[in-house]
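1. A predicted structure for the sequence below; I have some questions about it.
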Amino acid sequence: DQQVKQNSPSLSVQEGRISILNCDYTNSMFDYFLWYKKYPAEGPTFLISISSIKDKNEDGRFTVFLNKSAKHLSLHIVPSQPGDSAVYFCAANSGGSNYKLTFGKGTLLTVNP
Amino acid sequence: NAGVTQTPKFQVLKTGQSMTLQCAQDMNHNSMYWYRQDPGMGLRLIYYSASEGTTDKGEVPNGYNVSRLNKREFSLRLESAAPSQTSVYFCASSAGPDGSEAQHFGDGTRLSIL
């Protein structure tokens, strides 16, 4: 049972446009959500997070939106840059414990110049 | 800043061989983790150590053992490697086990078992 789902394996956008990466979850006990970015041959890098008590968190070009009723979150990147090309993982944890971090399968974002 | 360092970066083993993957962090973090990533899959937790002196099983612990050697180091051991353990292994650390603490990852060990 996949508790964190990223249904789009890949996404391609033009430089300067908005990138929207989506993530759905099934476990209503999840209370913290994180996005990680991963370049080839490197480890994942933390990007941005959001607590379940909020519906939006913004950090520079990156904004995460959380819709708890729909069990859906999205990552917006505006404007997209070629250096943003990477695999993006959505992750969630529950019970306030990091060891319960559950990852989605990832979405490969390609930003074309 | 080294962050989380994993050794080796690549390794090829034969079925039945044993091996230890090493991980060290220099961020004075309390919690450390071992994950594996398989093609088309997200990361799955193998073992974790919430603090020095403690270790616990994660989602996929079978075939692995771990040792939290000290606050800095957390090793993963394959006692008798199997082809199903071919994967990319990531070590991570965080300031604490609290879910709001971001985990910081090493660059991975790519392990092939023939």
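-> That came through fine.

2. Which strand residues bridge residue A:38?
-> residue A:87 (DSSP bridges).

3. So it is in contact with residue A:46, correct?
-> No: contact criterion Cβ atoms under 8 Å: residue A:38 and residue A:46 do not qualify, at 10.7 Å. No exception for glycine: its C-beta is placed from N, CA and C like everyone else's.

4. so what's residue B:16 closest to, chain neighbours aside?
-> Once flanking residues are discounted, residue B:16 sits nearest to residue B:80: 5.4 Å by Cβ to Cβ, 6 or more residues apart in numbering or on different chains.

5. That neighbour: helix or strand, and which one exactly?
-> Under DSSP states H and E, no helix or strand contains residue B:80.

6. okay, residue A:38 and residue A:46: which has more neighbours?
-> residue A:38 (21 against 17; other Cβ atoms under 10 Å in any protein chain shown).

7. what's the spacing between the more buried one and residue B:111?
-> Plainly put, residue A:38 is 18 Å away from residue B:111 if you go by Cβ to Cβ, to the nearest Å.

8. Okay, strands next: where are they in chain A?
-> With strands called from DSSP state E, chain A shows them at A:4-5, A:10-14, A:19-25, A:30-38, A:45-51, A:56-59, A:62-67, A:72-77, A:86-94, A:102-103, A:107-112.

9. Over to chain B?
-> B:4-7, B:10-13, B:19-25, B:31-37, B:43-49, B:56-57, B:64-68, B:74-78, B:87-94, B:104-105, B:109-113.

10. who touches residue A:78 in this structure?
-> A:18-19, A:61, A:63 (Cβ atoms under 8 Å, 6 or more residues apart in numbering or on different chains).

11. Check residue A:75 too.
-> A:19-21, A:23, A:35, A:47-48, A:62-64, A:88, A:90.

12. And residue A:30, by the same measure?
-> Here residue A:30 is in contact with A:3, A:52, A:92-94, A:102 (Cβ under 8 Å, 6+ apart).

13. Retrieve the pLDDT associated with the residue most central in space within chain B.
-> Nearest to the mean C-alpha position of chain B, by Cα atoms, centre = their mean, lies residue B:34 at 2.7 Å. Note on residue B:34: pLDDT of 97.

14. Then residue A:29?
-> The model reports residue A:29 with a pLDDT of 89.

15. rewinding a little: among the strands of chain B, which comes closest to chain A?
-> strand B:104-105 (3.3 Å; Cβ to the nearest Cβ).

16. in its sheet, what does the closest one sit against?
-> According to DSSP bridges, strand B:104-105 forms sheet pairs with strand B:87-94 (antiparallel).

17. Within range of chain A, give me the residues from chain B.
-> Neighbours of chain A within chain B, by Cβ under 8 Å from any Cβ of the partner chain: B:4, B:31, B:33, B:40-45, B:48, B:50, B:56, B:58, B:90, B:92, B:94, B:96-108.
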